[in-house]
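Visitor: Fold the following for me, if possible:
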Amino acid sequence: MLVNADIYVKDIPGQLVVALEPMSMVNANIIGVVHSREQVISGRIAVNITFDIESNMIDKLKTIWESRDVLVAKIGSVIKTYSRVYMLIGAVTAPVLEKLLDNAKKEIEITSVDFRLSYNSNGKNTAMIQAGVGSEDDLSKLDVLLANECSKNKFTFIRGVDL
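Guide: Numbering: from 1, shown residues only. Take a look at the predicted model:
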């Protein structure tokens, strides 16, 4: 599981190593470390770490940190999202778009959605949808679902538009 932690280490040489070395003891894979020397609280420096770890090893890591006098301010999982932008062209209206997205939410866990709608006097409206989901599988399902709905509604459907 992908985890993000805010910890505080003493502002003395070698303390960053003291905090990071236990990561290998619990088989965690460090993705990123931000060592903020500007953020000092009670003689301790803030460190933000993003890492991949088996969920059953988090408590062991926290125990090791505590034994090494590393303060854990916050630790939690990071929800990874997969997003894509779609363009729909045709008689797309806000109510039609909202119904389409509501139907999609019944089938797929959509973590975020943003859409913009441009109206044209000739009825060829354009909708840009940016949607985020929790897995690549859900992203594929969303592709198929939107393509099918667009086909039924006679919309032109373009997936993977770069903004």
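
Visitor: And the helices in this structure?
Guide: Assigned by DSSP state H, the helices in the chain fall at 15-25, 58-67, 94-107, 136-152.

Visitor: Considering the ones you listed, which stretch scores lowest in mean pLDDT?
Guide: With a mean of 90, helix 94-107 has the lowest mean pLDDT of these.

Visitor: And that one, what does it pack against?
Guide: strand 110-118, strand 125-133, helix 136-152 (3 or more CB pairs under 8 Å, 6 or more residues apart in numbering; DSSP states H and E). From N, CA and C alone the C-beta is placed, and that goes for glycine too.

Visitor: Let's see that with 10 Å instead.
Guide: The helices and strands touching helix 94-107, judged by 3 or more CB pairs under 10 Å, 6 or more residues apart in numbering; DSSP states H and E, are strand 82-90, strand 110-118, strand 125-133, helix 136-152.

Visitor: Show me which of the ones you listed has the highest average neighbour count.
Guide: Highest mean neighbour count of those: strand 125-133, a mean of 20 (counted as mean count of other CB atoms under 10 Å).

Visitor: check contacts around Ile31.
Guide: By CB atoms under 10 Å, 6 or more residues apart in numbering, Ile31 lies in contact with 2-4, 49-52, 78.
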